[in-house]
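Novice: Pasting the sequence and the predicted coordinates here, then a few questions.
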Amino acid sequence: MIRHLVMFKLREFTTPEEKTIATETVRAELLALKKKIPVILEFEVGINFTEGDAAYDLVINSSFSSKEDLKRYQVHPDHQAFIRFNKDYSAKKAIVDYEY
């Protein structure tokens, strides 16, 4: 089994309300991937409530049967569309993939 973790730090927004809307928008787009990409076994999206320079805003915790399925997810057209969409929202991301 493969665990795929991705953390997103959103860009700066003018108001806290704008950031909240952006965070919920990105979260909804991410959650939609579960229904569109069959190789995803588990897919959880969390919104961080901790503030600070080291804090990220969103996290994906997902799992796949194999490295090959993770690759299928990464190149899937719907995932690629999310990456293009997310460029307007996220400033930084961190990824960890591991076998368990």
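Specialist: Nice, thanks for sending it over.

Novice: secondary structure element for Val59?
Specialist: In the assignment (DSSP states H and E), Val59 maps to strand 58-64.

Novice: where along the chain do the helices fall?
Specialist: Ranges of helices in the chain, per DSSP state H, are 16-36, 67-75, 77-86.

Novice: Now these in CSV, please, with extra columns for distance to Ala94.
Specialist: Every C-beta, even on glycine, is put in place using the N, C-alpha and C of the backbone. Output for these, formatted as CSV (distance: least, C-beta to C-beta, whole Å):
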stretch, distance to Ala94
helix 16-36, 15
helix 67-75, 16
helix 77-86, 14
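
Novice: May I see those helices organised as a markdown table, with distance to Glu44 and mean pLDDT added?
Specialist: Formatted as a markdown table, those follow (distance: least, C-beta to C-beta, whole Å; pLDDT from 0 to 100):
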| stretch | distance to Glu44 | mean pLDDT |
| --- | --- | --- |
| helix 16-36 | 9 | 97 |
| helix 67-75 | 15 | 98 |
| helix 77-86 | 16 | 98 |
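
Novice: Determine which of those approaches Arg3 most closely.
Specialist: Of all the helices of the chain, it is helix 67-75 that lies closest to Arg3, at 9.5 Å by C-beta to C-beta.

Novice: Buried ones in the closest one, by neighbour count?
Specialist: 69-70, 72-73 (16 or more other C-beta atoms under 10 Å).

Novice: which secondary structure elements does the strand holding Val59 contact?
Specialist: Judged by 3 or more C-beta pairs under 8 Å, 6 or more residues apart in numbering; DSSP states H and E, strand 58-64 is in contact with strand 2-10, helix 16-36, strand 42-47, helix 67-75.
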